[in-house]
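# Give me a model of this one.
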Amino acid sequence: MEENQKKIQNDPDVIELNNDDGNGGEGSSYTTKSGGAGQSSTTPFGIRRRPPPPFLEKTYEMVENEEIKSLVSWSSSGTSIIIWNHNTFAATVLTKYFGSSNFQSFVCQLNSYGFKKISCMRWEFKNEYFRKGQRHLLQNIKRRTKIPKRKASEIDGELSNSVSLIENELEKLTKEHDILKLEMSKLQEQHHILKQSFDYLVIKDQKQQAIHSKIEETIQKIMLKCNEDNGMLLKAVHENEEILIEKGKEKEKVEEKSDTTRSNRHDEAMLSEGCGPVDQDGGGGGGGSIESIVEVINDHKNGKIAMMEEEAKSDMFTLECLIEESSLGWAEFVKQMM
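Numbers count the residues shown, from 1 in each chain. Now for the predicted structure:
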């Protein structure tokens, strides 16, 4: 019993009426601090709790009033209230119940007791303890307590600390930004150098390809000339061989004729005795003619060979110049050609 009395005495929602039960014994009875202005509830221990705030009581009565349901009423589920025409509602209903037509003030009061606007199309408010037919739940609705104002010095101190932190962070970010900017500048410079090197290599590669093409053309030209010269030389040798054969046959005929003439003359000399010496120049003309032809052929061959050597030297000089221009050595050039 004493514990229950202590609990009741410590409850801010009840107040003590008297401490005498009228029979000379100790007893206690309690009522609300509001003096019974609202409907109070009785606890199992015979006490009455503080009634809901007048604003909630009047709002509940207002919504329950069937005469003004065209202006304010319960929703179909009975869990929220709907204000249908807020201008007329403010001018008539609020003035009657609260003595003021300030609709915004009424909405602020609802918000202070935890009501929330749940529709963007109409003025509809809801609180989980504000329900149709469950008026006793109003005792669970509490007004929001105001946050105590802090001293200006505390606020200034916190602001100063925040500003200091922000300034430090800003300085740090500025340094990081400068570092990143410097690195970006270096990367751009490296990119520019690499691009120039790449362009140079592309141009050099194009030149190398052009030089290689010229080298291949020169080699093909040299080989073609060699083949042509060899063919001409073989043809000349073949023709000269035919000439030599013909001249050899003519020489044999001349020699046979000369031998016959010498033999006849010898016989005549033997018969006549004392005749002069026999002429030994009978076959000399044919032999001299053949030697002249051979000399002409040799000169022709030597001239052709000299001409071929000069052309070959010229082509080789051109080839060496091209290879030197291509910055390749002979070994590398031959390796690439193979």
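
# Glu169 and Lys175: what is the separation?
11 Å (CB to CB, to the nearest Å). C-beta coordinates here come from the backbone N, C-alpha and C atoms, glycine included.

# sec struct for Lys142, please.
Following DSSP: H, G, I helix; E, B strand; the rest coil, we place Lys142 in the coil state.

# for Phe130, same thing?
Phe130 - assigned by three-state DSSP - is coil.

# backbone phi and psi for it, please?
Phi and psi for Phe130, reported as degrees, to the nearest 10, are phi -110, psi 90.

# Then Ile83?
phi -100, psi 110.

# Give me the spatial nearest neighbour of it, chain neighbours excluded.
Trp123 (4.0 Å; CB to CB, 6 or more residues apart in numbering).

# quick one: which helix or strand includes Thr95?
Here Thr95, judged by DSSP states H and E, is contained in helix 95-98.

# Please point out which parts of that helix sit buried.
97-98 (16 or more other CB atoms under 10 Å).

# when you give positions from now on, start the count at 541
Sounds good: first residue 541 from here, last item helix 635-638.

# which outside residues touch it?
Contact with helix 635-638 is made by 595, 598-599, 601-602, 641, 646, as judged by CB atoms under 8 Å, 6 or more residues apart in numbering.

# The residue nearest to Ile623 contacts Asn625, doesn't it?
No. Assessed by CB atoms under 8 Å, Trp663 is found out of contact with Asn625, at 9.2 Å.

# Between those two, tell me which one has more neighbours.
For Trp663 versus Asn625, the count of surrounding residues by other CB atoms under 10 Å is larger for Trp663: 17 against 14.

# Look up how far Lys598 lies from the more buried one.
18 Å.

# returning to that earlier point: using PDB, write out every CA atom in the very next helix or strand once past the helix holding Thr635.
Counting by DSSP H and E, the element after helix 635-638 in chain order, helix or strand, is helix 643-652. Provided in PDB are the C-alpha atoms of helix 643-652 (Å, rounded to 0.1, in the frame of the first residue of the first chain):
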ATOM      1  CA  PHE A 643      -6.100  28.400 -39.600                       C
ATOM      2  CA  GLN A 644      -2.300  28.300 -39.700                       C
ATOM      3  CA  SER A 645      -2.100  28.500 -35.900                       C
ATOM      4  CA  PHE A 646      -4.600  25.600 -35.700                       C
ATOM      5  CA  VAL A 647      -2.300  23.500 -38.000                       C
ATOM      6  CA  CYS A 648       0.700  24.400 -35.900                       C
ATOM      7  CA  GLN A 649      -1.100  23.200 -32.800                       C
ATOM      8  CA  LEU A 650      -1.900  19.900 -34.500                       C
ATOM      9  CA  ASN A 651       1.800  19.500 -35.500                       C
ATOM     10  CA  SER A 652       2.900  20.300 -31.900                       C
END
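
# next structured bit after helix 643-652?
strand 656-657.

# name the helices or strands packed onto the helix or strand following that following strand?
Sequence order places strand 663-666 as the next helix or strand after strand 656-657, per DSSP H and E. Contact here means 3 or more CB pairs under 8 Å, 6 or more residues apart in numbering; DSSP states H and E; on that basis strand 663-666 packs against strand 620-623, strand 656-657.

# How about the contacts made by Phe646?
630, 634, 638, 640.

# make it 6 Å
The contact partners of Phe646, by CB atoms under 6 Å, 6 or more residues apart in numbering, come to Leu634.

# repeat for Lys747
Contacts of Lys747 (CB under 6 Å, 6+ apart): none.

# and it, what helix or strand is that in?
Assigned by DSSP H and E, Lys747 falls within helix 692-812.

# Glu796: what's it in contact with?
By CB under 6 Å, 6+ apart, Glu796 has no neighbours at all.

# What's the separation between it and Thr628?
161 Å.

# Kindly report the same for Tyr600.
21 Å.

# Count the residues that sit near Leu678.
Neighbour number of Leu678 under other CB under 10 Å is 21.

# ugh, typo on my part, it should be Phe595
Counted with other CB under 10 Å, Phe595 comes out at 17.

# Please name the nearest non-neighbouring residue to it.
Gln649 (5.7 Å).

# For that neighbour, give its distance to Asn627.
Gln649 is 18 Å from Asn627, by CB to CB.

# and the two? which has more neighbours close in?
Gln649 (17 against 10).

# number of nearby residues for Thr599?
Thr599, neighbours per other CB under 10 Å, totals 24.

# What strand or helix carries it?
Using DSSP H and E, Thr599 falls in helix 594-604.

# tell me the angle of that helix relative to helix 643-652?
On the basis of axes from the mean of the first three to the mean of the last three CA atoms, to 10 degrees, helix 594-604 is oriented at 110 degrees to helix 643-652.
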